[in-house]
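[1] Turn this into a structure:
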Amino acid sequence: MDAADQTLLGEAKAITDAARQHSIHLRLLGAVAIHLRCGDRGQVTERLNRLGGAGALFSDLDFAAYGVERAKVRTLLEDRFGLTSNPQAMLFHGKDRLLYAHPSMGYHVDVFFDRLEFSHTIDLGRPGQGCLEEDSPTLPLADLLLSKIQIHQITEKDLKDVVLLLLENEPSPRDAARGIGMARITETLAEDWGFWKDGTANLEAVRSASGRYGEAGLLQPAEVERVSRHVATLLEAIEKAPKSRSWRRGERRLSGRQWWNDVESVVR
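    Numbers count the residues shown, from 1 in each chain. Sure thing, here's the model as predicted:
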């Protein structure tokens with residue numbers, strides 16, 4: 001891991017530590033969060049080389065927070081850590097999302113409030129009852145997984161992130177504190193047919209990708225088997241979960257049509 005990655009991880013820790021000291025529910029997501037939840041898989045991380053070239057593994061920091069704490073988040077990031085935003089970016093995205101850059105270190109920071117809205121939407125819940133209380137300094141493992149498998153056109157780096165997550169963490173039917181809470185996965189996909197369609201396809205893509213990485217010598221046979229087994233466990237639970245009326249309406253309404261949301265380019 002190069003110096004830029006070490007610096008970014010240090011910044012992530014400093015920001016989440018400061019947020020905790022100020023009782024702000026600010027949780028990491030994305031590649032940095034997955035790295036932190038896969039601490040003893042450093043060699044695998046290096047082998048997979050998620051960005052596909054020499055140099056840094058990470059390019060930015062992503063956080064989730066509650067909208068009612070928006071002012072506290074801004075004060076923390078702007079006054080304490082010196083992050084700056086583009087006024088145009090605030091105009092386009094400021095209500096549901098904050099976009100920052102560090103003026104000297106050059107990294108970007110995105111903060112999402114109350115929900116993650118990309119190809120599909122992940123609702124983070126309300127203060128006192130939402131998922132931001134369940135884990136720290138990252139989103140819960142299930143939400144980290146959901147944030148990756150919701151991508152309609154999943155990329156190689158996202159596949160590698162999910163492979164790492166499933167290598168280190170077991171799907172857990174009962175105890176989300178000790179693994180990937182399958183209830184959160186199955187309940188989310190059982191409510192949204194479009195999310196289910198992309199989510200299950202992406203899990204299959206992860207299983208296929210792990211096989212390719214094994215053939216290329218990036219993963220050991222036991223690692224490929226572990227990822228495949230965890231994918232199978234998740235897919236079986238998703239298949240068995242009772243589907244809601246909204247899921248069935250989506251199946252009827254969206255079959256043969258666009259079932260995902262287009263993701264707008266970020267204006268910074």
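[2] contacts and neighbour counts: CA atoms only from here.
    Fine.
[3] Output the below-cut-off pLDDT ranges for the protein.
    With pLDDT under 70 as the threshold, the chain has low-confidence stretches at 39-42, 51-55, 93-94, 174-177, 265-268.
[4] Helices of that one, residue ranges please.
    3-21, 30-36, 42-48, 70-75, 87-93, 141-149, 156-168, 182-191, 193-215, 221-240, 245-254 (DSSP state H).
[5] Just the CA trace of the fourth one, in CSV.
    What it means is helix 70-75. Coordinates of the C-alpha atoms in helix 70-75 are reproduced here as CSV (Å, rounded to 0.1, in the frame of the first residue of the first chain):
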residue,chain,number,x,y,z
ARG,A,70,-26.3,18.0,8.1
ALA,A,71,-25.2,21.2,9.8
LYS,A,72,-23.0,19.4,12.2
VAL,A,73,-21.4,17.4,9.4
ARG,A,74,-20.6,20.6,7.5
THR,A,75,-19.1,22.2,10.5
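[6] re the thing from before, just tell me which of the helices of the chain ends up closest to residue 264.
    helix 87-93 (10.7 Å; Cα to Cα).
[7] Could you give the separation of that closest one from the chain centroid?
    For helix 87-93, the distance between its averaged C-alpha position and the chain's averaged C-alpha position is 23 Å (Cα atoms, centre = their mean, to the nearest Å).
[8] How about stretch 133-151?
    Per Cα atoms, centre = their mean, the displacement of stretch 133-151 from the mean C-alpha position of its chain is 5 Å.
[9] what residues does it touch?
    By Cα atoms under 8 Å, 6 or more residues apart in numbering, the list of residues contacting stretch 133-151 from outside reads 16, 25-30, 33-34, 64, 116, 118-122, 127, 131-132, 154, 158, 162, 165, 176-177, 179-182, 184-185, 195, 198-200, 202-203.
[10] Next, work out how far apart residue 95 and residue 161 are.
    29 Å (Cα to Cα, to the nearest Å).
[11] same question, residue 96
    Computed with Cα to Cα, the distance linking residue 96 and residue 161 is 25 Å.
[12] One more: residue 188?
    Applying Cα to Cα, the value for residue 188 to residue 161 is 20 Å.
[13] All good on my end, thank you.
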